[in-house]
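Engineer: A predicted structure for the sequence below; I have some questions about it.
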Amino acid sequence: MKKRIAVLPGDGIGPEIVAGAMKILQTIETLYRHQFEITYADIGGCATDKTGTPLPNETITICKNSDAILLGAVGGPKWDSLPVEKRPEQGLLKIRKELNLFANIRPTTCYESLAASSPLKEDIIAGVDLIVVRELTGGIYFGKPSERRLIDGKPGAVDTLQYENEEIERVVEKAFEIAKTRSKKVTSVDKANVLETSRVWREIASQVAEKYPDVILEHMLVDNAAMQLVRNPKQFDVIVTENMFGDILSDEASVLTGSLGMLASSSLSAGGPYLYEPIHGSAPDIAGENIANPLATILSVSMMLRLSFQMENEATIIEEAVNNVLNKGFRTRDILAPNCTIVSTTEMVEEVEKEIRQLVKVAHV
Ligand SMILES: NC(=O)c1ccc[n+]([C@@H]2O[C@H](COP(=O)([O-])OP(=O)(O)OC[C@H]3O[C@@H](n4cnc5c(N)ncnc54)[C@H](O)[C@@H]3O)[C@@H](O)[C@H]2O)c1
Ligand SMILES: CC(C)[C@H](C(=O)O)[C@@H](O)C(=O)O
Ligand SMILES: [Mg+2]
């Protein structure tokens, strides 16, 4: 059966890395005789330029009518001083909300061959395998009021951090479900020593834990968690946390993998469609140079095949191909190491593609 995929390249390096990931998807389509029906749509600054809004209605409709969505990245200095509703980031927040994508899964695996590429010591990060489950449709990103205003007659601003109990419960449950299939440990990260929302978060996490007696729950304050992530990351299995803490901690966690350019993600709702995207941004500093690392986006495609289409073999082949290419020493600039072969974005994609063809050939012999 045809799988309908909405593809939203976005801004900056978005189109470059998405083009690479689409090449990999097409290779899988041909080798495994699948049928993917691809519809491209605009999001972010490019959408604002064309239509005056970062998330046109047409894009929402295309996404809602698809089985899965692949997104590149949005944003850039060109749009930074626009009124808030025209900012590229608003397009991303709105599509997450429209599709009710409340759980953002950000796996952080240290590839053995990249352990030396991280600024962190090899023995600290080798073997790291953790998942950040980030709440994605609530918290301070969405609370109202969020505005500039006079405070005691003086100019200032306000943002609102709020959570309904159910919003906390469903994402914590998702984290426990994931932990059940892994090392059976959930670390719930909050700021319960200061914030009321965090105290409620902690209570709900403890209640959810009662339903999962074989999974250990620990609570950790976010400042400590940020420190523990670089001091001893192997203590973590599944980290579950609110929207903004998850945003910050997952960028930090990406350094454990060697580079921000390695981290894929899936954003899940109760019934789909799910959205897949690298966790990094549009990297305006390197956009258009064909040097961005496409692996996070390629690995997001792998997550899509596994989670949305139950194509486990195809997903694993992509992951193995990425691993082999790294083992052979092919590197974009963000994951450089001594004696490696520096490749461009398109060359990295070609290497992964070659490796996939080789792996499939061997599997069929
Ligand atoms: N999901 C998204 O679309 C998303 C995520 C984060 C930031 N942004 C937006 O992106 C813009 C730039 O933000 P930023 O610079 O803070 O974050 P960024 O993630 O775009 O870049 C941070 C640093 O990492 C590097 N980098 C990121 N992805 C890379 C890749 N694939 N390969 C090699 N290097 C890579 C960049 O060159 C930069 O030095 C902003 O407008 C921001 O709002 C979008
Ligand atoms: C661009 C921005 C709105 C976004 C976020 O904060 O969620 C990004 O940093 C991410 O991690 O996807
Ligand atoms: Mg982020």
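Structural biologist: Structure received. Ligands and ions are numbered 1, 2, ... in the order given.
Engineer: How many neighbouring residues does residue 155 have?
Structural biologist: The burial count assigned to residue 155 is 8, neighbours taken as other C-beta atoms under 10 Å. Just so you know, the C-beta spots here come from the backbone N, C-alpha and C atoms, and that holds for glycine as well.
Engineer: Which of the helices or strands spans it?
Structural biologist: strand 154-160 (DSSP states H and E).
Engineer: Need the residues that contact that strand.
Structural biologist: With contact meaning C-beta atoms under 8 Å, 6 or more residues apart in numbering, strand 154-160 is reached by 140, 143-151.
Engineer: So is it next to ligand 2?
Structural biologist: No. Applying C-beta under 6 Å from any ligand atom, one finds strand 154-160 out of contact with ligand 2, separated by at least 13.1 Å.
Engineer: Neighbouring strands of that strand in the sheet, and parallel or not?
Structural biologist: strand 143-151 (antiparallel) (DSSP bridges).
Engineer: Show residues contacting the strand it pairs with.
Structural biologist: 155-162.
Engineer: any idea of the mean pLDDT in it?
Structural biologist: Averaged across strand 143-151, pLDDT comes to 97.
Engineer: try stretch 352-365
Structural biologist: 92.
Engineer: Stretch 249-256 too?
Structural biologist: Here stretch 249-256 scores 95 as its mean pLDDT.
Engineer: Now do the helices in this protein.
Structural biologist: For the chain, the helices defined by DSSP state H cover 14-32, 45-51, 57-64, 88-98, 122-125, 165-180, 196-209, 222-231, 243-254, 295-307, 312-327, 345-364.
Engineer: How about the residues of the stretch 201-350 of the chain by ligand 1?
Structural biologist: Residues of the stretch 201-350 of the chain lying near ligand 1 (C-beta under 6 Å from any ligand atom): 260-261, 277, 280-286, 292-293, 296, 334.
Engineer: Restricted to strands, list the residues you listed.
Structural biologist: residue 277 (DSSP state E).
Engineer: Which of the residues of the stretch 201-350 of the chain next to ligand 1 has the largest number of neighbours?
Structural biologist: Of all these, residue 292 has the most neighbours under the rule other C-beta under 10 Å, reaching 30 neighbours.
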